[in-house]
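Asker: structure here, sequence nowhere to be found:
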Ligand code: DON
């Protein structure tokens, strides 16, 4: 498979569409990004790597970090985690409050904000310094020792995070946070503000393409890898998850920074970045690029 040639073809096709979509502007730090940015990188289980465009530029990974926090929580909590968070697609926007009230403080899944706040609480209870834990985990998985938080993004998430504060306080009122909402939010906002490139993310996600192991050994078990990939397929792109599965046919996780990572178990991990979003908060050009990638490589889980 000539990944490089495939990525170059996709790059040429996608560039004219980049002005479409809408850059996240709920905090000023995200609105500053160039809408014409486009990067893509793929890593495979035979050690091949290919990239195109702005694949080395770091961007705000936002909700893609929810896969890393879920992995840390599953390593420590195993199946007990599911007493506090569900495993069903939400069908609502990623920051919805209404569903949480109806469902008595048990978030639908670990990838909506409410679910990620519970997962962050678990990591905080087990590891104390959840910020250092996630940063170090991302460094280890990507092999890039200087991966770090964008502290200006984290600070403005905190300053303007009224809805996430509401969710955290709501969870606490239902007894589904062990730690103080402020501590959970501080860790969560930093996790969202992790800055990584497509190349780094495609490498970091390889454990999900390799049954839970990377070159250093096991990160999680093969069974847990199946769980995380299944959750990405059913919940990773929010209320657009059906459309994403239909078009791309791979487990994937998006973030409002415009990144999406998708995994073909046993074969590859691919990351795309294009900041213009669709109405569900997923990268518009990124979704198209992954659809083309699945078509041109002839690879999907179906
Ligand atoms: O907490 C938030 O709402 C954002 N910092 C992250 C949301 C996000 O990336 C959802 N993704 N599509």
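Answerer: Good, I have the coordinates. Since this is a predicted model, take the numbers as computed values, not measurements.
Asker: can we go C-alpha only for contacts and neighbour counts from here?
Answerer: Fine.
Asker: roughly how far apart are the residue of the stretch 101-250 of the chain found nearest the ligand and residue 64?
Answerer: In the stretch 101-250 of the chain, no residue comes nearer to the ligand than residue 192, which is 5.2 Å away by CA to the nearest ligand atom. Residue 192 sits at a distance of 8 Å from residue 64 (criterion: CA to CA, to the nearest Å).
Asker: if you count surrounding residues, which of the two has more?
Answerer: A side-by-side neighbour count of residue 192 and residue 64, using other CA atoms under 10 Å, places residue 64 first with 26 against 23.
Asker: surely the more buried one and residue 257 touch.
Answerer: No. At 9.2 Å, residue 64 does not count as touching residue 257 under the criterion of CA atoms under 8 Å.
Asker: tell me if stretch 263-279 is near the ligand.
Answerer: No. Stretch 263-279 does not reach the ligand (CA under 6 Å from any ligand atom); its nearest approach is 8.8 Å.
Asker: what residues does this protein put near the ligand?
Answerer: Residues of the chain lying near the ligand (CA under 6 Å from any ligand atom): 62, 63, 94, 113, 192, 254, 255, 256, 281, 282.
Asker: show the subsequent helix or strand relative to whichever strand or helix holds residue 189.
Answerer: Element membership of residue 189 [criterion: DSSP states H and E] is helix 181-192. Using DSSP H and E, the helix or strand that follows helix 181-192 towards the C-terminus is strand 194-196.
Asker: let me see the mean pLDDT of stretch 11-29.
Answerer: Taken as a whole, stretch 11-29 has a mean pLDDT of 95.
Asker: buried ones in that stretch?
Answerer: By neighbour count with 16 or more other CA atoms under 10 Å, stretch 11-29 contains the buried residues 11, 14, 18, 19, 21, 22, 23, 24, 27, 29.
Asker: one more: stretch 75-91?
Answerer: For stretch 75-91, burial by neighbour count (16+ other CA under 10 Å) applies to 77, 81, 84, 85, 87, 89, 90.
Asker: what about it, start to end distance?
Answerer: One end of stretch 75-91 to the other measures 27 Å (CA to CA).
Asker: give me the contact list for it.
Answerer: 73-74, 106-110, 112, 115, 118, 122, 126, 176, 220, 231, 234-235, 238-239, 241 (CA atoms under 8 Å, 6 or more residues apart in numbering).
Asker: ok, now stretch 129-138?
Answerer: Residues contacting stretch 129-138 (CA under 8 Å, 6+ apart): 68-69, 120, 123-124, 127, 147-149, 187, 190-191, 194, 204.
Asker: got the buried residues for that stretch?
Answerer: Applying 16+ other CA under 10 Å to stretch 129-138 flags 130, 131, 132, 133, 134, 135, 136, 137, 138 as buried.
Asker: before we move on, what SS does the fourth one have?
Answerer: Using DSSP: H, G, I helix; E, B strand; the rest coil, the structure places residue 133 in helix.
Asker: for residue 91, see how far away it is.
Answerer: 31 Å.
Asker: now do the helix holding residue 189: everything it contacts.
Answerer: 60-66, 116-117, 120-121, 124, 130-131, 134-135, 149-151, 154-155, 157-158, 164-165, 168-169, 172.
Asker: let's see it at 7 Å
Answerer: 61-63, 65, 117, 120-121, 130-131, 149, 154, 157-158, 168-169, 172 (CA atoms under 7 Å, 6 or more residues apart in numbering).
Asker: quick one: the strands in the protein?
Answerer: Taking DSSP state E as the criterion, the chain carries its strands at 39-44, 49-53, 59-60, 148-149, 194-196, 213-214, 217-218, 252-254, 259-264, 268-273.
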